[in-house]
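> Based on what follows, work out the 3D shape:
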Amino acid sequence: MGPLVVALAVTVGIFWLALRSSGGGVGQTADRTGNVNAWMEWRLPNGTNLRAPQYGAESRMIRYLQDGSKGASKDRWFDLDELRFDAAAPDVRGASREQLHNIAGILIAYPNVTARLAACATESLEKPQFSRDRAEHMRTDLIAMGVAPGRLKVEDCNGAISARDAAAAQNSTRIFLRVTQ
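This is a model prediction of the structure:
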């Protein structure tokens, strides 16, 4: 039994090292379902470069905007799944500000795009107004980063986001973005 356990441990260790050497800790992250998510380098229309998870909201949004056949849709929301908030405040936590900066960069690179932010309270203890305050605060942050104020609006969830998406949240407020033009 002892050599079998050792062999299994060695096999698991080799597999782990192979994943790490392929960029696991530096060039990859895991999405909220635990899937490995490689980092992508995007060249935006205004010439800036943006680094984002391959399957993250930013990459999905860029692909959507690059596809000229897709227009605005009231049903297409991007789950800003990396945003985390301070417990009793509307502020985005420092570690998740990268996604906020990426979204600002995308909106700046696509100057004709307008968007709506919807904040969903995912815990029954959180008041919807507090979630809306977080979305408003995020809008203010995006404006401070250079996005024109008239391009961003905030709306309530009001059933716009599916219950499944809202329930998948790992924090008490989930922010979604919808391209409106």
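> for residue 50, phi and psi?
Main-chain dihedrals, residue 50, degrees, to the nearest 10: phi -140, psi 140.
> Tell me, how many residues neighbour it?
Neighbours of residue 50 under the rule other Cβ atoms under 10 Å: 18. To be clear about C-beta, it is placed using only N, CA and C from the backbone, and glycine gets the same treatment.
> who's in contact with the helix or strand where residue 176 lies?
Here residue 176 sits within strand 173-179, counting by DSSP states H and E. With Cβ atoms under 8 Å, 6 or more residues apart in numbering as the contact definition, strand 173-179 has outside contacts at 57, 61, 64-65, 72-74, 76-81, 83, 85, 103, 113-122, 126, 130-131, 134-135, 138, 160-161, 165-166, 168.
> So which of those residues belong to strands?
Among the contacts of strand 173-179, the ones falling in strands (DSSP state E) are 77, 78, 79, 115, 116, 117, 118, 119, 120, 121.
> Quick check: the two most widely separated of the residues you listed?
Greatest spatial distance among the ones in strands among the contacts of strand 173-179 (Cβ to Cβ): 115 and 121, at 20.4 Å.
> returning to what we had before: what is the nearest of the ones in strands among the contacts of strand 173-179 to residue 151?
Of those, the one sitting nearest to residue 151 (Cβ to Cβ) turns out to be residue 115, at 6.7 Å.
> Need the per-residue pLDDT for the closest one.
The model reports residue 115 with a pLDDT of 92.
> could you list every residue that touches it?
107, 151, 152, 153, 177, 178, 179, 180.
> Are any of those residues buried, and if so which?
Among those, those classed as buried by 16 or more other Cβ atoms under 10 Å are 107, 151, 152, 177, 178, 179.
> Who does the last one form a beta bridge with?
If I follow you right, that is residue 179. Per DSSP bridges, the residues bridged to residue 179 are residue 115.
> Could you measure from it over to residue 41?
22 Å (Cβ to Cβ, to the nearest Å).
> Show me the helices in the chain, by range?
Along the chain, the segments classed as helices by DSSP state H run 2-19, 57-66, 97-109, 128-144, 163-167.
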